[in-house]
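Visitor: quick check, what structure comes out for this input:
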Amino acid sequence: MANGIATLDDVAKLAGVSKSTVSRILGARQGQRIPFSPKTQEKVRSAAGMLGYRPSKLARGLTQSKTGIVGLVIPSVKDSFFPSLTIVIETQLAEKGYNVILANTNADSKIEQAKIDDLLSWRVDGLVVAPSQETGDAGLYWSLWQQKVPFVLIDRTFDQTPFYSVTTDDYTGGTLATQHLLSLGRTRIACAGGTLTVSTNRNRYTAYVDSLIHHGLVPDPRLWFQVVSTEESGKMVIHQLMEMDPRPDALFCLSDPVAIGALEECLRLGIRIPQDLALVGYADLPYSNLLKIPLTSVHQPRELLGHTAAQMLIDQMEDHTPETVQLKLPVELMIRESTVPKS
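Guide: Take a look at the predicted model:
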């Protein structure tokens, strides 16, 4: 045995049969008819057990065009949005016999492409991908589409494309957040978030603008802050807001990390939340309700998103047509003390 790892040849020699016989017996799927006697099958399985032989999924994939492996590509393992999503996807795919290779892109579009290329070289059966904030171009995914690679985009997608995707209703989420602030009598509402080339940011920001116009307010471009989705960005935005005259009375952040950074900086500077500045985030991350001042945030159903994306990919890999090509899941505004103080 090379390197202590049993091979088909080792099993065949111990069982006293040919290599092809071993391959056909051990490679048969559950319920498949095996054209060998029970005695021969038992000899092969016994030999495999004694040697600790494990079939190579990659080798089987090269001969059967299936590896039983799926690639899951996410922007950051540190982002609290993705852990629960990952668990749901892995669990559901495992129930169907698929293993998942997790790839972290560090929110870099070049790394994203390199990771996907690497996964394809391992002959994965399909991909679930959350495109990074940097990926404003759908070229990579058009290539996958043309190659007929089964894939599903999650959380973010690209306009006017036929790609399978599962997102949440970001326009409605942005509307709920902005209208809530307007209902509190806030009229100078700032907005902070990532680049508008990304569908999530663009839809949330568009809803913010449309809501202001609907209430007779003229959107002020000085109140839009394009920043990366980090707590440090939120702290920076607060300093910029404090230099304005008149100051904004509310801030809608297109992600929870920005909102949490803003909240922490307000506490440090003595800015009262929500009296001086009402604050809304987006995603409703697990710790949003555990802050010193619990954060009002738009809730995205992460587990449902993961479950739906996994099933959509399974349907493609098993040659079924998913019921919906591009699915938007509903969102909900979780109102907490960053906008409405305890009575």
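Visitor: the nearest residue to residue 228 once chain neighbours are set aside - how many residues pack around it?
Guide: Leaving aside its chain neighbours, residue 228 sits nearest to residue 194 (6.3 Å; criterion: C-beta to C-beta, 6 or more residues apart in numbering). The C-beta positions use only the backbone N, C-alpha and C, and glycine is treated the same way. As a burial measure, residue 194 scores 23 neighbours (other C-beta atoms under 10 Å).
Visitor: residue 194 is in contact with residue 257, isn't it?
Guide: No - contact criterion C-beta atoms under 8 Å: residue 194 and residue 257 do not qualify, at 10.4 Å.
Visitor: separation between residue 143 and residue 163?
Guide: Between residue 143 and residue 163 the computed distance is 11 Å (C-beta to C-beta, to the nearest Å).
Visitor: compare these two (neighbour count), which wins?
Guide: residue 163 (17 against 13).
Visitor: now do stretch 307-321, average pLDDT.
Guide: Mean pLDDT, computed over stretch 307-321, is 91.
Visitor: ok, residues contacting that stretch?
Guide: 70, 88-89, 92-93, 96, 98, 125-128, 150-152, 154, 164, 166, 322, 324, 327, 329 (C-beta atoms under 8 Å, 6 or more residues apart in numbering).
Visitor: inside strands: which ones of the residues you listed?
Guide: Among those, the ones falling in strands (DSSP state E) are 70, 126-128, 151-152, 154, 166, 327, 329.
Visitor: same question for stretch 149-162, mean pLDDT?
Guide: pLDDT averaged over stretch 149-162 gives 90.
Visitor: quick check: end-to-end length of it?
Guide: Start-to-end span of stretch 149-162 (C-alpha to C-alpha, to the nearest Å) is 13 Å.
Visitor: going by neighbour count, list what's buried in it.
Guide: 149-158 (16 or more other C-beta atoms under 10 Å).
Visitor: on that earlier part again, need the contact list for the residue nearest to residue 228.
Guide: 133, 200-201, 226-229, 254-255.
Visitor: restricted to strands, list those residues.
Guide: Using DSSP E, these in strands are residue 226.
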